[in-house]
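Chemist: fold the following, please.
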Amino acid sequence: GDCFVSRYFDDEDAWLREDFRIEDCSSDAEWVKAQKSISKKSPGGMASLSDMYAKLGQSNSGQAPVKFDQSEEEKRLLAL
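Modeler: Coordinates of the predicted model:
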């Protein structure tokens, strides 16, 4: 399938489109190295999302968080 990749700068005062060169697609690109460094410092992914939702459920007057089965929801949407 197709993929659209872009780069921009946004500091809440200015928003600019920037060039995304072929060199930026390399796993040796500076932004990739920086992201790897950030990822090592802060856990991410589905495990941390699950933890966050579990904590939200605990602070919600003791009610359990809502369970969401993505595959069932996808089947429902595809049937429309």
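Chemist: which stretches of the chain have low pLDDT?
Modeler: 42-49, 57-70 (pLDDT under 70).
Chemist: for it, what spans make up the helices?
Modeler: 30-41, 46-58, 70-78 (DSSP state H).
Chemist: residue 15: which of those helices is closest?
Modeler: For residue 15, the closest of those is helix 30-41, at 18.1 Å, according to C-beta to C-beta. Quick note: C-beta positions are derived from backbone N, CA and C, even for glycine.
Chemist: run through who's touching that closest one.
Modeler: The list of residues contacting helix 30-41 from outside it, by C-beta atoms under 8 Å, 6 or more residues apart in numbering, reads 24, 26.
Chemist: so how far is that helix from its chain's centroid?
Modeler: In terms of C-alpha atoms, centre = their mean, to the nearest Å, the centre of helix 30-41 is found 14 Å from the chain centre.
Chemist: output that helix as CSV, restricted to C-alpha atoms.
Modeler: The C-alpha trace of helix 30-41 is given here as CSV (Å, rounded to 0.1, in the frame of the first residue of the first chain):
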residue,chain,number,x,y,z
GLU,A,30,19.8,11.4,13.5
TRP,A,31,16.0,11.6,14.3
VAL,A,32,15.9,7.7,14.5
LYS,A,33,18.8,7.6,16.9
ALA,A,34,17.2,10.3,19.0
GLN,A,35,13.9,8.4,19.1
LYS,A,36,15.7,5.2,20.1
SER,A,37,17.3,7.1,23.0
ILE,A,38,14.0,8.5,24.1
SER,A,39,12.3,5.1,23.9
LYS,A,40,14.9,3.5,26.1
LYS,A,41,14.2,6.2,28.8
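Chemist: how close does the nearest residue to residue 23 once chain neighbours are set aside sit to residue 35?
Modeler: Nearest residue to residue 23, sequence neighbours excluded (C-beta to C-beta, 6 or more residues apart in numbering): residue 29, at 6.4 Å. As for residue 29, its distance to residue 35 is 10 Å (criterion: C-beta to C-beta, to the nearest Å).
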